[in-house]
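A.B. asks: Sequence plus predicted model, see below.
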Amino acid sequence: MKKLMYPFLLVLISAVLAACGADDESKSADKKDETKTAETDQQDQKDQKKKMEEMQKKMDKQKLDEEKTVAIVNDQEILGREYNSVLTSSQMMYQQMGQDPTTKEAAEKIKEQTLDSLVGQTLLLQEADKKGYKASDEEVKKQLEETKGQFKDDKEFETAMKQAGLNPDSLEKEIANNIKYTKYINGEVKPDEVTDAEIQKFYDEYASQGGAEGQEPPKLEEVKPQIKQQLEQQKQQELLVKHVEELKKSAKIDFKV
């Protein structure tokens, strides 16, 4: 199922996860290294660093010139810098799932997903502007602080921002767009209520799977709120994809890559 999420949050959240993953690997490595010689440890670190540098070079080759026009959606240009931001997040997610984002098949899939995501987000923001959805200065400031709070310090935040191809001004603009995007979706894309029957069906499937694996599932009442939230998000996501497909029918979309 297709998913739409505003680019800068995707990139910054991916950066947080990547940093956490690196910390976990480092801690794990520290425990193992207690039984290794200093020479072996040093060589392992060099080999790992070399592999990471080689992978980064291959991923960078997938990026486009920042000023290149990637697509035009209803006379609005989507530039390479926007494409690169979403591309980076997709590459990170592939790596976190243990997959190589630089294979021919993966690269083609990521490119298609990136373009599709950018077009969908552009159409939604255009509709949000038409319907008068706005972001106040207070809302932007609050979300900026919340985003910063996901990082351990300013240096880590600034590094992630740089990796996302953003600066303080462009970040605030992206945050404002994200707020408009969220307001529009919550105001215009309203799925049907989740029923008790749907919750029960989801729980039965979950419990059956757990039983097959020899695990004792929790009682329905213990997980009902989480199941309801997950089903609500799933319904809204499905409706959102349909909504974007409808917007595409009347939109003028011209891909340049």
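C.D. replies: Structure's in. What do you need? Residues are numbered from 1 along each chain as shown.

A.B. asks: Just the mean pLDDT for stretch 41-48, thanks.
C.D. replies: What stretch 41-48 shows for mean pLDDT is 78.

A.B. asks: Go through that stretch and flag the buried ones.
C.D. replies: Under the neighbour-count criterion of 16 or more other CB atoms under 10 Å, stretch 41-48 has Asp41 buried. Bear in mind the C-beta positions are built from the backbone N, C-alpha and C, glycine included.

A.B. asks: how far does it sit from the chain's center?
C.D. replies: Centre-to-centre, stretch 41-48 and its host chain are 31 Å apart (CA atoms, centre = their mean, to the nearest Å).

A.B. asks: so where's this protein shaky on pLDDT?
C.D. replies: Within the chain, the stretches with pLDDT under 70 are 1-37, 39, 165, 211-213.

A.B. asks: Tell me the helix or strand right after the longest helix seen in the chain.
C.D. replies: Ranked by number of residues, the top helix in the chain under DSSP state H is helix 220-249. Next helix or strand after helix 220-249 toward the C-terminus (DSSP states H and E): strand 253-255.

A.B. asks: so what secondary structure elements neighbour that next one?
C.D. replies: strand 69-73 (3 or more CB pairs under 8 Å, 6 or more residues apart in numbering; DSSP states H and E).

A.B. asks: In its sheet, which strands sit next to the strand it packs on, and in what direction?
C.D. replies: strand 76-79 (antiparallel), strand 253-255 (antiparallel) (DSSP bridges).

A.B. asks: can you pull the buried residues of the first one?
C.D. replies: By neighbour count, and taking 16+ other CB under 10 Å as the criterion, the buried residues in strand 76-79 are 78-79.

A.B. asks: I'd like the distance between the nearest residue to Asp129 once chain neighbours are set aside and Val119.
C.D. replies: Of all residues not flanking Asp129 in the chain, Lys180 sits nearest, at 7.4 Å (CB to CB, 6 or more residues apart in numbering). To Val119, Lys180 is 17 Å away according to CB to CB, to the nearest Å.

A.B. asks: Now do the domain split for this protein, please.
C.D. replies: Domain segmentation of the chain under automatic domain parsing yields 7-117+132-181, 189-252.

A.B. asks: Can you give the distance from the shortest one to the centre of its chain?
C.D. replies: Taking the mean of its C-alpha atoms, domain 189-252 sits 20 Å from the chain's own mean (CA atoms, centre = their mean).

A.B. asks: Nothing else from me, thank you.
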